[in-house]
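Trainee: After the sequence you'll find the predicted model.
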Amino acid sequence: MAAPRDWISHLPLEIQASILSHLPINEAVRTSLLSRQWRHVWTFVPRLQITFSVNRRPPDFIRIVYHLLLFHRGPVRSFHLSHFLYPHFSGDVQLFLLALYRKGGLQDLRIDNIGHEKYNLRLPYFRSLSYLELSSCHLTLPTGFNGFDRLTTLDLSDVEISKRDIESLISGSNNLSFFSGYIRTEEEPMSIEISSPSLYDLHIVIGDTVREARVRFAPTLECARISVCCPEWRRFASDYIKILGDLTGVTSLSLCGTLLACLSQVPAPATMVLPFHKLIVLELRIGTISKEICDGFACLLRLMPHLELLEIEGAYGRPDQLGPPPEDYWEKQEPFHCLNHSLKRVYTNYINLDDVHIMRIIRFILLNAKVLQLMDIGYSDHSEVQPQILEELNKLQMASSDGKLVFYSPGGSHVSTNCPTAETSGSASSEDISQDM
């Protein structure tokens, strides 16, 4: 009987190298021991992913990267380096980039510094670069740099960069569609301006050293995620919320609780932020429920007349220095246009069902959202589920005749499902629930 033919060994070199690119780089290199024919196949692998190993000391790891790049023969399309990159390794990382630049064709560059110290990085001009992800470094760009022509994704996490460099990197990359930035500066607190003809999704952290961020030109922007990270947020609240006035054309918006509280610190926030007439999705990431956060939430509901989907995440309701809202806070609110005409779905994730403040928000929505189709309540693992709370919400007269109320645990198990209507729900009135909460 004839021996089975080795089909893989007869494939073209490009296909063999592509197959090996799906293996960890150390396993790809080991294929060189299979036979003489496979000895150099790994050197043509188009993707190099080199990650931290607890069994390797940092100097040994750096030496391994040198050897990989030295023996690699083909172009490197994707290079991903993840390790402790201490400041004294800055020169080594720079030589790695120089080697990649000379090979040409790099499209995907990711350098993940998992250490606490920043290294220095001077980025060469990679003509084919479409994806750039950097973390924990001091980044400088070449003199006269004006963006990457093919860059579509830019992700900077805890990166120190000058105002000139970050603005030229964004505005000069004409095909940029996604930008995520948690950037710092050694200069005085700065204000950055974002201009991009093709930007679709923006994630940015303001506060700390970036005092103000403005979106000056982004005609294709649809999604935005804004966070504030600053212990002195009250002092600069009016600066932080200015970016909201530049985002009135987006369809999806994600905000942190601190930014909501910033809205409450401005005497007339509605005069600084125009209505979000196109917005249909709002995500709120809330660590605590305070009066300031409730004020900001109420302000947003007034500015979003066509909101269809609301998601509230992480509302644990632990007391803090801000102080809780009054018991009758939501009862005193005037009707919101979105609750009367557009809000159809509400999702809550990792909330505490024992927290009366978040439960009052849920109750307010159930009693006032006239076209609500689904209220999906996902509670925290640490939440002690009280049966009477579930029963009270199930008996509540919902404003929507087609509304559905669902409770579920993080594991996906449903606790209670009900479709109460104004005609068939239980006898508990809104006053009864208010007293219990």
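Mentor: Happy to help now that I have it. Residues are numbered from 1 along each chain as shown.
Trainee: Break the chain into its domains for me.
Mentor: Annotated domains of the chain cover 141-255, 280-437 [automatic domain parsing].
Trainee: give the contact list for Phe336.
Mentor: For Phe336, the contacting residues are 298, 301-302, 368, by Cβ atoms under 8 Å, 6 or more residues apart in numbering. C-beta here means a position set from N, CA and C on the backbone, and glycine is covered the same way.
Trainee: From those, keep the buried residues only.
Mentor: Neighbour-count burial (16 or more other Cβ atoms under 10 Å) applied to those gives 298, 301, 368.
Trainee: per-stretch mean pLDDT over the domains of the chain, give me the minimum one.
Mentor: Lowest mean pLDDT of those: domain 280-437, a mean of 75.
Trainee: So Tyr182 sits against Glu160, correct?
Mentor: No: in this structure, Tyr182 is not within contact of Glu160 by Cβ atoms under 8 Å, at 10.7 Å.
Trainee: what's next to the strand ranked longest in the chain, contact-wise?
Mentor: As assigned by DSSP state E, the longest strand anywhere in the chain is strand 131-140. Strand 131-140 has contacts (Cβ under 8 Å, 6+ apart) with 85, 107-113, 115-123, 148, 151-162, 165.
Trainee: Surely Leu13 is in contact with Pro46?
Mentor: No: applying Cβ under 8 Å, one finds Leu13 not in contact with Pro46, separated by 11.5 Å.
Trainee: Which of the two has more residues huddled nearby?
Mentor: When neighbours are counted by other Cβ atoms under 10 Å, Leu13 and Pro46 differ, and Pro46 comes out ahead with 19 against 11.
Trainee: Now do the same for the more buried one: its pLDDT.
Mentor: On the pLDDT scale, Pro46 gets 88.
Trainee: And the one 4 residues further on, by the same measure?
Mentor: Ile50 carries a pLDDT score of 84 in this model.
Trainee: neighbouring strands for the helix or strand where it lies, and are they parallel or not?
Mentor: Applying DSSP states H and E as the criterion places Ile50 in strand 47-51. Sheet partners assigned to strand 47-51 using DSSP bridges are listed as strand 78-83 (parallel).
Trainee: How about Phe126, nearest residue that isn't a chain neighbour?
Mentor: Using Cβ to Cβ, 6 or more residues apart in numbering and skipping residues adjacent in sequence, the residue nearest Phe126 is Leu106, 4.8 Å away.
Trainee: Could you do Asp108 as well?
Mentor: Using Cβ to Cβ, 6+ apart, the closest residue to Asp108 is Ser78 (3.8 Å).
Trainee: who touches the one you found in this structure?
Mentor: 46-49, 106-109.
Trainee: same deal with Pro59?
Mentor: By Cβ under 8 Å, 6+ apart, no residues touch Pro59.
Trainee: And the one 10 residues further on, by the same measure?
Mentor: Contacts were defined as Cβ under 8 Å, 6+ apart; by that measure Leu69 touches 96, 99-100.
Trainee: Let's see which of those residues end up in helices.
Mentor: Secondary structure from DSSP state H places 96, 99-100 of the contacts of Leu69 in helices.
Trainee: what's the closest of those residues to His72?
Mentor: Ala99 (8.6 Å; Cβ to Cβ).
Trainee: what number of residues lie near that closest one?
Mentor: What Ala99 shows, counting by other Cβ under 10 Å, is a neighbour count of 17.
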